[in-house]
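Student: what would the 3D arrangement of this be:
(4 chains)
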Protein chains: 2
Amino acid sequence: MKRVSLDMIAKEVKLSKTTVSMVLNGKGDLHKINPDTQTLILSVAKRLKFRPNMIARNLSTGSSMTLALIVPRMIDTYYGLIAESMEQILSKLGYQVLLGTTHEDPVKEKELLLTFEAQQVDGILIASTQHNLEDIKAISDAGLPIVLFDRHYPEADLPYVVVDNYLGAQKLVRHLIEAGRKNIGYIGLNLDLTAIKDRQIGFENAIEDHVKDQHNLKIVDHKNAKSDCRQAVEELILDQGVDGIVFETHYLALFGIAKIREMDVDYPNAVSIVSFGDHEVFSIFRPEVTALVQPVEKIAQNSIDMLMKQIENKLNSTSKLHEVVEPSMEVRST
Amino acid sequence: MKRVSLDMIAKEVKLSKTTVSMVLNGKGDLHKINPDTQTLILSVAKRLKFRPNMIARNLSTGSSMTLALIVPRMIDTYYGLIAESMEQILSKLGYQVLLGTTHEDPVKEKELLLTFEAQQVDGILIASTQHNLEDIKAISDAGLPIVLFDRHYPEADLPYVVVDNYLGAQKLVRHLIEAGRKNIGYIGLNLDLTAIKDRQIGFENAIEDHVKDQHNLKIVDHKNAKSDCRQAVEELILDQGVDGIVFETHYLALFGIAKIREMDVDYPNAVSIVSFGDHEVFSIFRPEVTALVQPVEKIAQNSIDMLMKQIENKLNSTSKLHEVVEPSMEVRST
DNA sequence: TTGAAAGCGCTACCAA
DNA sequence: TTGGTAGCGCTTTCAA
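Tutor: Numbering: from 1, shown residues only, chains lettered A, B, ... in the order given. Got it, this is the predicted structure:
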C-alpha cells in the first residue's frame, strides 16, 4: 500500500533525490548525469515500479496538466462527439480532462468553475449556459486560460470558437426555398443563448429576403421540448399550413419527425423538414433527413489550439482569439 | 495573478494558519475557536475571495476527491448516458470526475490506468477492454478502489456491476418466438468480451430451447461494423430466409434497419427485429423498434455505491461486490 | 482557545 | 556530475 517515492529510490541507489528526479524526468543528459548512473536509476525505478506522485509534482510546478471540459449535457450526441474529440486530442498532448455537466443551470456552472479553479486546472473549455459572464470573466482575469466554444458572450472580449449560426439558419431556409417551399415554419427553443437567437434571426431574415410575410416562428420550452415541439408541429401544419419546417436543433427535429409521422400528412412531399445540427440517424431514417452539420472536429481542434496558445503564452498581438466556423449542408432527401 | 493563500488570511487577521485552516474547514466549533474569531476569519476569507489550493490539500491529506471514469467511447449513447449519470451522482458527493476513453485499445487503457493512478485518484470506474487483467489487478492490489462495470473479468475476484447478458439475449429471442417467428437470425460483434459471448450463448441456447437447428449466427468485425452488418443482414434475409433478427447492440440495429429499408422486404411483417440495448430513436422510427433496455441509472448508482464502500472501507464480510442487474424488455412495434 | 512546526513528495536553484 | 535545501500551500499533532 505504501507507494514508492523518489526518496526511496534515492536511498536505494545511494544518490540524491535531485539526481533521481532529473533522470526520471528525462533531463539526465541535460544535466550531464553519468550514463551509467542514469541506467542504474532507471532500472531501479522500474524494478520498484516507481510511479511519481503527480499531486506533489503539481504542487511543486504549479501546473496540473489537467484541463476542464464543461458542457450542458453528455446525452446530447453533439456534446458527446465534442467530448470524445477533445479527449482524444488532449490525451495526445499529455493532458487529463476533468468533466463537468451543467444541465443549463448557471448555479451548477458556477460551482464547477470554482471547483475546477481550486483544482488548479491549467485551462477550461466551456460551452457555457451564457449566464455566468461575471465568473468566467473573473477566472479569465485571474489568468486562468479559458475558451468558450459553441456558446459565447458576444459582449465580452473572451476567446471563443463558435459556428456561424446566422448563416447556418439561412442556408437551411435557402435549401427549402430552392426545393420550392413557399410557406416555411420554424421551431426553436426558449433558451437565452446567442447561438439560438442568431439562428432565429437568420431564419427571419432569410424568410423576408425571399418570401415576404411568413413568420411562422414557434418557440418551445426547452424543459418540455418533446410535447411542446409536437404541438408546435401540429399548429404549424394544421393552422398555418406550412410546407416546410426548420428545426433549431437535432433533437427538436427528432421529436418533430415522430409527430409528423403520426399525423395524416404526406411527408416529405406535403411538408419537408431540415435540421440545424446533424444526428447519426438522419441518414438511416426514410426519408433521409437533410441537416446542417456543425464541424465538431474542427471546433474541438481549434478550441484546444486557442487554449494552448494561452497556456503557452504565445499570444502575440496578431493571434486573434475569436473564431467563427462555417457549418455545411448535408443535403439528403428532405 | 497571485492567489490568496491561507497564510495571507492568517496574516490579515493576525492569527495562525492553523486556526484559519480549522475555521475554513468548518471545524471551528470542534476545536472551540471563539465564535467572533470565526466570523472574522470567514468574512476576511470572503472579502479576499479565498479559494483553497486543492492540490496542496490533496498532497497533505492523501485524498484527491477525484475519481476516474474510463469508457470505450463517448459517442456511444449508452456510455454517454452512463457518464452523465455518474457525473451527476458523483458531483453531489463532492467528487470530480476524470474522463478517459480507450476505443477498445488495451494499450490506451493501460496508459490511462497508470496516469490516473499517478494522478492519485481516489477510485476508478471502468468499462474495460477486458484485456488488461494484470494491470487492473495490480491497481486493485495496490489498494486503489476500482469497480468494473458493463464489462468484467469473470475469472478474477474484482468488484463489478454488469447486466445479465445471457438472460437479456434469451428475452429477445423469446419475444420474437412469441411473435410467431420461426427462423431467427443473430448479428453480433467479434469482440472478445464476456458480455458479448454471453449474449451469443444466450441466443444459441434460447434458439435450441424453442426452435431446433436454427443457427443463423453472424459475427461481424467491429471495425467494419457498418458494412459488415449490412452484408450480414442481406445474407440472413436472402440466403437464410430468416423472419426475425436479433441485433447484439443498438448501433448494429441502426445499421441493420437502414439496410433492411433499402432491401425489397416487407419490414417488419416479413422480417422483424429486436435490439440488445435501447436508443433514443427507436421510439421515433416507424415501426418503433423493440429493444432490451439496460438500466443505466441503476448501473451507475450501484457501481458508485460499490466504489464508495471500498473507499470508506466499509467492506464488512457480508457486502458482496459482485452484482448482476436484470435488463428489461421495451416491447414496441417490431 | 490558539499556535508552532513537522510533514505530504516533488522540483529547481545554487553550490560543490 | 551530483547534492543540499528551500519551497509549493495545506493539514494535523502536540504544546501552550
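
Student: quick one: the strand or helix carrying A:S43 near chain B?
Tutor: If you go by DSSP states H and E, A:S43 is part of helix A:35-47. No: residues of helix A:35-47 are not located near chain B by CB under 8 Å from any CB of the partner chain, the shortest gap being 12.8 Å. The way it works is simple: take the backbone N, C-alpha and C, and place the C-beta from them, glycine included.

Student: check the offset of that helix from the chain's centre.
Tutor: The chain centre lies 43 Å from the centre of helix A:35-47; the measure is CA atoms, centre = their mean, to the nearest Å.

Student: what residues are up against A:S91?
Tutor: Residues near A:S91 by CB atoms under 8 Å, 6 or more residues apart in numbering or on different chains: A:V97, B:G100, B:K108, B:L112.

Student: next: A:F203.
Tutor: A:A169, A:Q170, A:L172, A:V173, A:Y186, A:G188, A:L217, A:V246.

Student: what segments of the stretch 201-334 of chain A are helices?
Tutor: Along the stretch 201-334 of chain A, counting by DSSP state H, counting those that start in this stretch, helices occupy A:225-234, A:250-262, A:296-311.

Student: residues from chain A in reach of DNA strand D?
Tutor: Counting by CB under 7 Å from any atom of the strand, chain A comes close to DNA strand D at A:14-19, A:31-34, A:37, A:56, A:59-60, A:62.

Student: which bits of the stretch 1-150 of chain A sit near DNA strand C?
Tutor: When proximity is defined by CB under 7 Å from any atom of the strand, the stretch 1-150 of chain A lies next to DNA strand C at A:3, A:5-7, A:17-18, A:21-22, A:24-25, A:52-53, A:56-57, A:59-61.

Student: how about 6 Å then?
Tutor: Selection of the stretch 1-150 of chain A residues close to DNA strand C by CB under 6 Å from any atom of the strand yields A:5-7, A:17-18, A:21, A:25, A:52-53, A:56-57, A:59-61.

Student: got the domain ranges for chain A?
Tutor: A:6-61, A:66-158, A:165-293 (automatic domain parsing).

Student: would you reformat these as JSON lines and include distance to B:K92 and mean pLDDT?
Tutor: Converted to JSON lines, the domains of chain A look like this (distance: least, CB to CB, whole Å; pLDDT from 0 to 100):
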{"stretch": "domain A:6-61", "distance to B:K92": "24", "mean pLDDT": "89"}
{"stretch": "domain A:66-158", "distance to B:K92": "11", "mean pLDDT": "93"}
{"stretch": "domain A:165-293", "distance to B:K92": "20", "mean pLDDT": "91"}
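
Student: tell me if I'm right that A:G256 and A:V233 touch.
Tutor: Yes: using CB atoms under 8 Å, A:G256 is in contact with A:V233, at 4.9 Å.

Student: neighbour count winner among those two?
Tutor: Using other CB atoms under 10 Å in any protein chain shown, the more surrounded residue of A:G256 and A:V233 is A:V233, with 29 against 25.

Student: got the contact list for the more buried one?
Tutor: Taking CB under 8 Å, 6+ apart as the definition, contacts of A:V233 comprise A:I187, A:I245, A:F255, A:G256, A:K259, A:I260, A:M263.

Student: pick out the residue nearest the middle of chain A.
Tutor: In chain A, the residue lying closest to the centroid (CA atoms, centre = their mean) is A:I82, at 4.9 Å.

Student: hmm, that one is touching A:D150, no?
Tutor: Yes: counting by CB under 8 Å, A:I82 does reach A:D150; the two are 7.5 Å apart.

Student: who touches both of the two?
Tutor: With CB under 8 Å, 6+ apart as the test, A:I82 and A:D150 both reach A:A127, A:I299.

Student: please enumerate the strands of chain A.
Tutor: Using DSSP state E, the strands of chain A run over A:66-71, A:96-101, A:123-126, A:146-149, A:160-163, A:184-189, A:216-220, A:244-247, A:272-276, A:290-293, A:322-325, A:328-330.

Student: hey, which of those is tucked in deepest?
Tutor: Across the strands of chain A, averaging neighbours per residue (mean count of other CB atoms under 10 Å in any protein chain shown) puts strand A:244-247 on top, at a mean of 28.

Student: thought A:S128 was touching A:E134?
Tutor: No: with contact defined as CB under 8 Å, A:S128 does not reach A:E134; the gap is 11.7 Å.

Student: these two: who's more crowded?
Tutor: It is A:S128, of A:S128 and A:E134, that has more neighbours when counted by other CB under 10 Å, with 27 against 10.

Student: buried members of the residues of chain A next to DNA strand D into PyMOL, please.
Tutor: Selection command for PyMOL covering only the buried members of those, criterion 16 or more other CB atoms under 10 Å in any protein chain shown:
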select buried, chain A and resi 15+19+33+59
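
Student: from the residues of chain A next to DNA strand D, pick the one nearest B:A118.
Tutor: Proximity of the residues of chain A next to DNA strand D to B:A118 (CB to CB) peaks at A:A56, which lies at 10.3 Å.
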